[in-house]
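**Q** here is my input, please return the structure:
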Amino acid sequence: MALNVVRYGLLSTAQIGINAHLPASYESNNSEIVSISSRSSLKAESAAKEHGIPRWYGSYQEQLDDPHVDAIVNCLPNGMHAEWTIKAAESGKHILCEKPLAVSAEECRKMIDAANANSVVLVEAFTHRWNPHLRLARKLIADGEIGEVRTLDAALCFNIAEPEGNVRFSKELIGGALWDAGCYAVYAIRFVMSDEPVEVLGMSNDSGNWGVDTTFSGILRFTNGAIGNITTNMEQPFRCFITIDGSKGRIEIPSMFDDSGPILIKRGDGRNGERTETIATPAPYRFVVQFDEFSECVLSGKKPEFPPEDGLRNTAVIEALYKSASSRAPVLLDL
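**A** Next comes the predicted model:
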């Protein structure tokens, strides 16, 4: 391992790696992307040359066998996360695995066991954790600024103009609105509540016989009685927000993906006048913070702020929501 720098390999040429992780690595003080892989050598070579990545591989295993790679950013489709995270761990590579960590709690446990057995760091790449809006909302709720939380509403919806051939619409690769985008809404609610749901209810729709959900709506009930509602869709205009209503006020985050956007705090009963406070939340780019944190854990042995078990719990909630939608009945949880 290079002195004070973790050398990463991008596992696949997925856009999240090229458009988000790679630029973030340029700004990170302790992270460097040195390679990229694909099942197509030509595709890997093309991506490497276009983006100035020194090495490329025509197979994922070849990249894992390279001693000059310390860690992997697993950007593969959802259904391939577990297989290649486990193989990376067995190859002695640390793993920053894109969300969702896996597509079942059982897969997550196997990944965690493999990481522990091989003494490597495993973290789910979920930048919501470093979202300044959500971190502030979490603190405000914990401090009782809006009283007891009663309801929460969160959504991530967007429009894929050409679904044919898109992995999000692939049943084989475990696509679907909830796995791909709704996981953000689920995580946002869990995160600000600092708690886990005890019961969920889900409903889904497949608009075009894709074999995956193109729309998903879910309800999460927490131990204190708070009810969270999540919505996700892959065929409508973009929106990404969370609203938290408490006994003494409301918190609104109009855009969860805009790091510099405001958070609104409304105090009062909403009928007899209310006071609105708008707080700007400037912060470093979330993907850079994520790299810095993960690399520090690799270099110093520090424990991650959010260990892989956090990803396991988010996956378990999503898995339960799918089970509920399939059975058309509520599902109880004990996380």
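**Q** doesn't residue 162 belong to a strand?
**A** No: per DSSP: H, G, I helix; E, B strand; the rest coil, residue 162 lies outside any strand segment and is coil.
**Q** what about the helices in the stretch 51-200 of the chain?
**A** For the stretch 51-200 of the chain, the helices defined by DSSP state H, counting those that start in this stretch occupy 60-64, 81-90, 105-117, 132-142, 177, 183-193.
**Q** off-centre distance for the shortest one?
**A** Remark: helix 177 is offset 13 Å from the chain centroid, using Cα atoms, centre = their mean, to the nearest Å.
**Q** quick one: mean pLDDT for that helix?
**A** Averaged across helix 177, pLDDT comes to 97.
**Q** do you know the pLDDT at the closest residue to residue 208 other than its chain neighbours?
**A** Using Cβ to Cβ, 6 or more residues apart in numbering and skipping the chain neighbours, the partner closest in space to residue 208 is residue 214 (6.9 Å). The C-beta positions use only the backbone N, C-alpha and C, and glycine is treated the same way. Looking at residue 214, its pLDDT is 97.
**Q** follow-up on the earlier one: return the most buried member of the helices of the stretch 51-200 of the chain.
**A** helix 177 (a mean of 29; mean count of other Cβ atoms under 10 Å).
**Q** contacts for the one helix or strand residue 229 maps to?
**A** Residue 229 belongs to strand 227-233 when assigned by DSSP states H and E. Residues from elsewhere that reach strand 227-233 (Cβ atoms under 8 Å, 6 or more residues apart in numbering): 150-158, 177-178, 181-182, 185-186, 189, 193, 197, 214-222.
**Q** distance check, residue 250 against residue 242.
**A** 11 Å (Cβ to Cβ, to the nearest Å).
**Q** I misspoke; the intended subject was residue 231.
**A** Separation of residue 231 from residue 242 (Cβ to Cβ) stands at 11 Å.
**Q** do residue 232 as well
**A** From residue 232 across to residue 242, the span is 13 Å (Cβ to Cβ).
**Q** joint contacts of the two?
**A** Residues touching both residue 232 and residue 242 (Cβ under 8 Å, 6+ apart): 155, 185.
**Q** following the lowest-mean-pLDDT helix or strand in the chain, which helix or strand shows up next?
**A** Among the helical and strand segments of the chain, the one scoring lowest on mean pLDDT, DSSP states H and E is strand 274-280, with a mean of 85. Per DSSP H and E, the first helix or strand lying C-terminal to strand 274-280 is helix 286-300.
**Q** return the set of buried residues in that next one.
**A** When burial is assessed from 16 or more other Cβ atoms under 10 Å, helix 286-300 yields the following buried residues: 286-299.
**Q** now it: mean pLDDT?
**A** For helix 286-300, mean pLDDT rounds to 96.
**Q** chain center to it: distance?
**A** 16 Å.
**Q** helices or strands up against whichever helix or strand comes after that helix?
**A** Next along the chain after helix 286-300, taking DSSP H and E as the criterion, comes helix 308-327. The elements that helix 308-327 packs onto, with contact taken as 3 or more Cβ pairs under 8 Å, 6 or more residues apart in numbering; DSSP states H and E, are helix 105-117, strand 122-125, helix 183-193, strand 197-205, strand 215-222, strand 331-332.
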